[in-house]
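K.L.:
pasting the structure only:
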């Protein structure tokens with residue numbers, strides 16, 4: 001089995017359109033949740049969200065045709081992938097053959113903004129009003145496909161769709177591709193742009209979203225006042241490489257990907273299992289593969305959505321996976337308290353955060369944790385960032401359909 005390392009990071013997020021901007025905002029405890037500006041929310045039950053701001057796709061070298069012919073979710077991925085490839089310094093044809101470079105970039109709902117726009121055209125103008133590019137702009141694999149075209153990645157291409165676990169599963173599957181020798185490098189992560197009326201209405205009507213109109217009391221992971229998540233958007237992309245290739249070319253290495261867990265609750269289409277059995281297994285499998293030993297300095301980026309059932313179940317899963325003593329020694333936070341829930345992108349962005357945690361020895365906080373739920377009684381790093389020299393991190397992601405994902409990173 002090959003060793004797999006991270007050599008490049010890219011991010012488009014509500015806290016900023018670069019990894020450094022996002023990371024700085026997180027450590028400052030800045031809340032990027034605000035009243036939604038990009039659409040009219042007058043007739044919607046939800047008024048707040050975590051929007052990407054000041055995004056200009058041309059800043060990332062994307063030409064007019066590419067900008068015009070891609071849904072916003074794909075543009076986020078193209079921009080974040082461009083950042084990550086530049087950061088890695090990986091040169092196709094020199095450092096890696098195009099047939100050995102792959103993509104695994106997933107999305108939970110794909111081009112839903114395109115779907116909304118073209119459906120309106122259909123109602124207004126009939127079939128003739130629907131764009132011939134409707135399907136290729138809308139489908140959930142097109143971000144991965146277009147990133148592959150941009151960087152001549154002719155190797156494995158695996159766009160994962162597992163709801164809110166998408167980004168984490170994508171990186172886990174990319175890790176396996178390299179580990180098993182099927183690719184030498186992978187452009188991987190998640191992307192989402194679902195801040196549109198039909199998505200907001202659907203999530204709200206399923207009782208998943210908070211209806212709070214106070215941006216500072218909306219996303220409340222592990223707090224007794226929590227009533228649902230805040231929808232966000234963005235993209236997180238990583239460049240994964242075979243360790244020996246990265247070492248030979250002198251690449252900067254952020255961390256080693258060393259463990260991956262994947263399980264299903266097989267229980268309910270939206271609610272987690274109360275006993276957290278499958279989520280527990282997912283975390284345990286990732287930690288076992290990573291060679292975790294009790295007493296290691298462990299940071300956990302929690303799924304931590306701020307929904308009543310999820311936070312309680314995740315707390316139980318962490319305790320069952322690590323054991324009560326080790327669970328209480330782990331340092332945990334939910335960065336969704338600042339950036340909301342980016343759906344299919346969230347796990348990938350949170351693994352970027354894990355890589356930065358290992359590199360800088362700092363843990364981003366869970367802000368607004370003023371009234372901890374007694375059932376959520378672990379160390380969730382309330383209010384302010386702290387110094388913590390983690391040697392190992394994991395990121396948890398759990399999605400509709402009972403999808404569970406956990407990826408472990410180790411300092412190298």
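P.N.:
Happy to help now that I have it. Model, not experiment: these values are computed from the prediction.
K.L.:
Going by residue numbers, what spans are strands in this protein?
P.N.:
Here the chain has its strands, by DSSP state E, at 4-12, 34-35, 48-49, 101-106, 185-192, 234-242, 255-264, 298-301, 331-333, 362-363, 386-387, 392-399, 403-410.
K.L.:
Just give the nearest non-adjacent residue to residue 356, would you?
P.N.:
Leaving out its chain neighbours, the residue that sits closest to residue 356 by C-beta to C-beta, 6 or more residues apart in numbering is residue 23, at 5.0 Å. C-betas here are computed from N, CA, C, even on glycine.
K.L.:
need the contact list for that neighbour.
P.N.:
Residue 23 makes contact with 353, 356, 360, 364 under the criterion C-beta atoms under 8 Å, 6 or more residues apart in numbering.
K.L.:
re the thing from before, would a markdown table of the strands of the chain with mean pLDDT, distance to residue 370 and mean neighbour count be doable?
P.N.:
Listed next are the strands of the chain as a markdown table, based on pLDDT from 0 to 100; distance: least, C-beta to C-beta, whole Å; neighbours: other C-beta atoms under 10 Å:
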| stretch | mean pLDDT | distance to residue 370 | mean neighbour count |
| --- | --- | --- | --- |
| strand 4-12 | 98 | 28 | 28 |
| strand 34-35 | 98 | 19 | 14 |
| strand 48-49 | 98 | 18 | 26 |
| strand 101-106 | 98 | 34 | 30 |
| strand 185-192 | 98 | 29 | 35 |
| strand 234-242 | 98 | 26 | 32 |
| strand 255-264 | 98 | 32 | 23 |
| strand 298-301 | 98 | 21 | 27 |
| strand 331-333 | 98 | 15 | 24 |
| strand 362-363 | 98 | 19 | 22 |
| strand 386-387 | 98 | 18 | 12 |
| strand 392-399 | 98 | 23 | 29 |
| strand 403-410 | 98 | 28 | 28 |
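K.L.:
Save those strands as JSON lines, and put in distance to residue 273 too.
P.N.:
Shown next, in JSON lines, are the strands of the chain (distance: least, C-beta to C-beta, whole Å):
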{"stretch": "strand 4-12", "distance to residue 273": "30"}
{"stretch": "strand 34-35", "distance to residue 273": "34"}
{"stretch": "strand 48-49", "distance to residue 273": "29"}
{"stretch": "strand 101-106", "distance to residue 273": "23"}
{"stretch": "strand 185-192", "distance to residue 273": "24"}
{"stretch": "strand 234-242", "distance to residue 273": "27"}
{"stretch": "strand 255-264", "distance to residue 273": "10"}
{"stretch": "strand 298-301", "distance to residue 273": "19"}
{"stretch": "strand 331-333", "distance to residue 273": "20"}
{"stretch": "strand 362-363", "distance to residue 273": "28"}
{"stretch": "strand 386-387", "distance to residue 273": "32"}
{"stretch": "strand 392-399", "distance to residue 273": "10"}
{"stretch": "strand 403-410", "distance to residue 273": "10"}
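K.L.:
Indicate which one of the ones you listed is closest to residue 137.
P.N.:
Each of the strands of the chain has some distance to residue 137 by C-beta to C-beta; the shortest is strand 185-192, at 13.6 Å.
K.L.:
Walk me through which strands that closest one pairs with, and which way each runs.
P.N.:
strand 101-106 (parallel), strand 234-242 (antiparallel) (DSSP bridges).
K.L.:
any idea how far the longest one is from the chain center?
P.N.:
Same thing as strand 234-242. Chain-centre distance of strand 234-242: 11 Å, with C-alpha atoms, centre = their mean, to the nearest Å.
K.L.:
Likewise for the first one?
P.N.:
Computed by C-alpha atoms, centre = their mean, the separation of strand 101-106 from the middle of its chain amounts to 14 Å.
K.L.:
For residue 248, which of the strands of the chain is the nearest?
P.N.:
For the strands of the chain, the distance to residue 248 is smallest for strand 234-242, at 9.5 Å, taking C-beta to C-beta.
K.L.:
Between strand 403-410 and the closest one, find me the angle.
P.N.:
60 degrees (axes from the mean of the first three to the mean of the last three C-alpha atoms, to 10 degrees).
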